[in-house]
Each structure stands twice: as C-alpha cells, then as structure tokens.
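> sequence and predicted model, in that order:
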Amino acid sequence: MNHKTPFGLLKSSVRIDKKRINAVQRALNWCETILTSTLWTPISVGNNISLQRTINEQTIEIFPLEAAFMDLGMESRFTTDHLPIHLNNANACVRSIHSHSRPLHTDMIASLILLLGRSDINPAAVPRTLRPILTAEQISSLPPPPPPRPRYIPGQPSTSGREFLPESRILELSGQNQNTIFSIQFEKRDGTLRNMTARIGVWNDANGDENNTHVAEGAMSYNPADYNLKAVFDMENGQYRTIATDRVTKITIGGLTFRTASFNE
C-alpha cells in the first residue's frame, strides 16, 4: 500500500491499522504546517524530504518520514525509542521517554521542529544529546542537575526483620528465564513490599516496538548492580523499573515459585 505524505511516499507491504496510518498522516501534515513559520530548510534526499538547520555552526537534520516508518512498524535506519535526528551527520541519539501512553514519533518530531525552529531557543528544553548547539552562555544558564540520590551501600542489611530469598538465586533465575513474564514481591528501600508483574530481556510489543531491559539498564546514570537492583519492564505500567534483587520475598518464574515466610499475601 502507498500513502502520499508531505515528506515522501510511505510504501507498506503489510496491512497496517487504518487508525494508526491516519494518526501518522495527521502528524506529518502538522509538521508541514508548522514548518512554514520556522527556520528549517527542506532538503531532498532521493524521493524523500528531510529538514535541516544550522545553529551555532552545528548542523541538525530531522527525518519526519523515518519517524513515520517507526510508528508504522516499518524498517528504519534509526533504533526504536530514538528520534530520527542527525547532529553533524551522525545519529544524535535523542531518546523518547518510554511510557504507557508514549506519543507517536511523528508527533514528537513535530514538537522538535517547533522547539528548534526559532531563533529564541529555550536552552533548558533542548535534549541533552543536542546541547552542542547551545552557546557557552546558554549552557551556563541551564539549571543545575538534580542532586544525586543518597548512595545505597551494597549489601546493607534490611532493618525490617523480613526473610529474603538468596540474591544469587534471584540473579540465577532471572538469567535462566530471559524474555519470560514473571511475578515478584520485594521490599523497597522504604521498607514497604511491592508486587510486580515484570519481564527481562528483549522482545517486540503489540505495536512492533522493541523493548530491551539490557539497553535500559545500560542507559542509567549508575550501575544498578552496585545497589542490588536490576532493570525490568513493568508489564502493568508499561515502563522500565528496577527490582531489589537482595530483598525478594517471593518470585514465580519459569513455572516455579519460591517464597519465604515473610511473603505477604
């Protein structure tokens, strides 16, 4: 199926939900509408059109049609959960925030066209990986980063008096059951118990988007293992979370259930 857009032709060999196609086309039309009041320059790339702008001698290029490919589950040269943006001809690695109601890549691209399309850019709103476009004065005006979380001392015992499963067993089970949905109950650092249905590994969701807890863990500003934590995907909230691997009272995984006397129904 072929779908004409302001930035090129969407060619799909698979049947795609009509509502999703319409949403993507509306977003691309929005991109075209707001483009006229910005400083972006359309650039022809083969049969497709990208948008380019130079800010403080740094060249940014945005690819709206690639965003459409990603939203429709089609092959793209950009990684899932990233926006199709180049900074000086290299992938800028601008990541979208993974949430249960994540907007379309095409909608986020439209927002970036607005954000970076004017002469008076808000420095605080510029994604971290695009900050080379800012002047030294703009960078100095940025608000200070939030204070680091209080450091948790690995291996520090819980004061709740609860009994926990051996951490080595939890790590062994999670390693042996990649891409498996499991349920777990663990003690949070504030002493309360949390129940979670989670998943670890790499898989595609119903929309064809890739979920990868290993990538999510690697993108954290700290090493979760240093804090006896492990990145997982919370299946109920549709977000990446961490579990406390040293404070597990129950886990059901791979058809097996392990619990301690401290497990709370």
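Great, that's in hand.

> Pro157 - how many residues pack around it?
By other CB atoms under 10 Å, 9 other residues sit near Pro157. C-beta coordinates here come from the backbone N, C-alpha and C atoms, glycine included.

> my reading is that Met108 is in a strand; is that accurate?
No - with DSSP: H, G, I helix; E, B strand; the rest coil as the criterion, Met108 is helix rather than part of a strand.

> show me what contacts it?
Applying CB atoms under 8 Å, 6 or more residues apart in numbering, we find Met108 in contact with 67, 83, 96.

> now that we have those, which one has the most neighbours?
Neighbour max across the contacts of Met108 (other CB under 10 Å) = Ala67, 28 neighbours.

> can I assume it sits in a helix?
Yes - under three-state DSSP, Ala67 falls within a helix.

> what separates it from Arg95, distance-wise?
Distance, Ala67 to Arg95, using CB to CB, to the nearest Å: 14 Å.

> what do those two both touch?
By CB under 8 Å, 6+ apart, the residues touching both Ala67 and Arg95 are Leu83.

> now the contacts of Met108 in JSON lines, with distance to Thr59?
Shown next, in JSON lines, are those (distance: CB to CB, whole Å):
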{"residue": "Ala67", "distance to Thr59": "19"}
{"residue": "Leu83", "distance to Thr59": "16"}
{"residue": "Ser96", "distance to Thr59": "22"}
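
> just those residues: which has the poorest pLDDT?
Sorting the contacts of Met108 by pLDDT puts Ser96 at the bottom of the list (70).

> which residues in the chain form helices?
18-35, 64-71, 105-116, 136-140, 167-176, 213-218 (DSSP state H).

> give me the mean pLDDT for the longest one.
Looking at helix 18-35 alone, the average pLDDT works out to 92.

> mind saving the C-alpha coords of it as PDB?
Taking Å, rounded to 0.1, in the frame of the first residue of the first chain, the C-alpha atoms of helix 18-35 are listed here in PDB:
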ATOM      1  CA  LYS A  18      -6.100   2.400   9.300                       C
ATOM      2  CA  LYS A  19      -6.500   4.500  12.500                       C
ATOM      3  CA  ARG A  20      -2.700   4.400  13.100                       C
ATOM      4  CA  ILE A  21      -2.000   5.400   9.500                       C
ATOM      5  CA  ASN A  22      -4.400   8.300   9.700                       C
ATOM      6  CA  ALA A  23      -2.800   9.400  13.000                       C
ATOM      7  CA  VAL A  24       0.700   9.300  11.400                       C
ATOM      8  CA  GLN A  25      -0.500  11.200   8.400                       C
ATOM      9  CA  ARG A  26      -2.100  13.900  10.500                       C
ATOM     10  CA  ALA A  27       1.200  14.300  12.400                       C
ATOM     11  CA  LEU A  28       3.100  14.600   9.200                       C
ATOM     12  CA  ASN A  29       0.600  17.200   7.900                       C
ATOM     13  CA  TRP A  30       1.100  19.100  11.200                       C
ATOM     14  CA  CYS A  31       4.900  19.000  10.600                       C
ATOM     15  CA  GLU A  32       4.300  20.600   7.200                       C
ATOM     16  CA  THR A  33       2.000  23.200   8.600                       C
ATOM     17  CA  ILE A  34       4.300  24.400  11.300                       C
ATOM     18  CA  LEU A  35       7.400  24.200   9.100                       C
END
